[in-house]
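Novice: The amino acid sequence is not available; the structure is as follows:
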């Protein structure tokens, strides 16, 4: 018999075992997720004949003050895939959580078609590609100073302004920790932050938060933190820091007539 429900404390061990089987995760990454992000009340699970076969998490957030959820860690046991369990679980979770919008970042390109069949539509981010030489021409130095920012939520809100997934300080710190568990790096400054990965000589800047007035200082900090020759910045359309072009990134499913002109799905737990 098929059953969908919200997880309970006594399900955590089984959920963790399913997560471990389904994701090519590092031990550190698993510990960060279950130690700092996961809780049973945001986890939705599917049983078939009493056996746990699928899971997903609905992290609560908001967009312009409207309730939203970020769908994360969706997984189906290998022996039970292509049976409709995840399709049913996604619909159940969305109907149960009460959010007006649900945003997700498909783990691979092939999953975009899966979510389209569930009523999701594609989102995009603006991507700017820059060489190190170009950034060096914009970078500015300053005297080293003590880090005094207690949290980056306020700076992020002022920079992004509208149409973004709101994340509080706790979530931001957890996102930093999870990224670092997978080899990512974070540049922290009193002026903002940059979260990035280095791969094959390219610095992939997943989120770059600073005002236009502080751009030169943040670029100086970023350049000191990596030797990469080329850079790719993911930006919200509200960030007018560089010339950029839209690239597919994430999906959203709407449940009311409220549909912003764009939604920036930055700082997702990749």
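Specialist: Thanks, I have the structure now. These figures come from a predicted structure and were not determined experimentally.

Novice: okay, now the domains of the chain?
Specialist: Listed domain ranges for the chain are 2-99, 125-247 (source: automatic domain parsing).

Novice: need those domains in a markdown table with mean neighbour count and distance to residue 106, can you?
Specialist: C-beta: built from backbone N, CA, C; applies to glycine. What follows is these, written out as a markdown table (neighbours: other C-beta atoms under 10 Å; distance: least, C-beta to C-beta, whole Å):
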| stretch | mean neighbour count | distance to residue 106 |
| --- | --- | --- |
| domain 2-99 | 17 | 9 |
| domain 125-247 | 17 | 14 |
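
Novice: Is it possible to get CSV of these that adds mean pLDDT and distance to residue 105?
Specialist: Shown next, in CSV, are these (pLDDT from 0 to 100; distance: least, C-beta to C-beta, whole Å):
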stretch, mean pLDDT, distance to residue 105
domain 2-99, 95, 8
domain 125-247, 96, 10
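
Novice: Tabulate those in a markdown table, adding columns for distance to residue 253.
Specialist: Converted to a markdown table, these look like this (distance: least, C-beta to C-beta, whole Å):
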| stretch | distance to residue 253 |
| --- | --- |
| domain 2-99 | 7 |
| domain 125-247 | 14 |
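
Novice: Quick one, which of those domains gets closest to residue 116.
Specialist: Proximity to residue 116 (C-beta to C-beta) singles out domain 2-99 among the domains of the chain, at 12.1 Å.

Novice: what about that closest one, start to end distance?
Specialist: 24 Å (C-alpha to C-alpha, to the nearest Å).

Novice: ok so, going back, would you mind saying which of the domains of the chain lies nearest residue 109?
Specialist: Residue 109 sits nearest to domain 125-247 of all the domains of the chain, at 12.2 Å, using C-beta to C-beta.

Novice: mind checking how far that closest one is from the chain centre?
Specialist: 14 Å (C-alpha atoms, centre = their mean, to the nearest Å).

Novice: beta partners for residue 194?
Specialist: Beta-bridge pairing for residue 194 (DSSP bridges): residue 187, residue 208.

Novice: wait, isn't it in contact with residue 207?
Specialist: Yes. Look at residue 194 against residue 207 with C-beta atoms under 8 Å: they come within range, at 7.2 Å.

Novice: now the helices for the stretch 51-200 of the chain?
Specialist: 85-97, 111-117, 132-138, 153-160, 169-181 (DSSP state H, counting those that start in this stretch).

Novice: Find the nearest non-adjacent residue to residue 120, please.
Specialist: residue 251 (4.0 Å; C-beta to C-beta, 6 or more residues apart in numbering).

Novice: For residue 258, find the nearest of the domains of the chain.
Specialist: domain 2-99 (5.8 Å).

Novice: Tell me the helices and strands packed up against the lengthiest strand in the chain.
Specialist: Ranked by residue count and defined by DSSP state E, the top strand of the chain is strand 51-63. When contacts are defined as 3 or more C-beta pairs under 8 Å, 6 or more residues apart in numbering; DSSP states H and E, strand 51-63 sits against helix 12-22, strand 43-48, strand 66-76, helix 85-97, strand 101-104.

Novice: go with 6 Å
Specialist: Helices and strands touching strand 51-63, as assessed by 3 or more C-beta pairs under 6 Å, 6 or more residues apart in numbering; DSSP states H and E, comprise helix 12-22, strand 43-48, strand 66-76, helix 85-97.

Novice: any chance of those in CSV, with distance to residue 112 too?
Specialist: Shown next, in CSV, are the helices and strands packed on strand 51-63 (distance: least, C-beta to C-beta, whole Å):
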stretch, distance to residue 112
helix 12-22, 19
strand 43-48, 21
strand 66-76, 13
helix 85-97, 14
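
Novice: of those, which approaches residue 179 most closely?
Specialist: Among the helices and strands packed on strand 51-63, if distance is taken as C-beta to C-beta, the winner is strand 66-76, at 14.0 Å.

Novice: Next, the angle helix 12-22 makes with the closest one.
Specialist: 70 degrees (axes from the mean of the first three to the mean of the last three C-alpha atoms, to 10 degrees).
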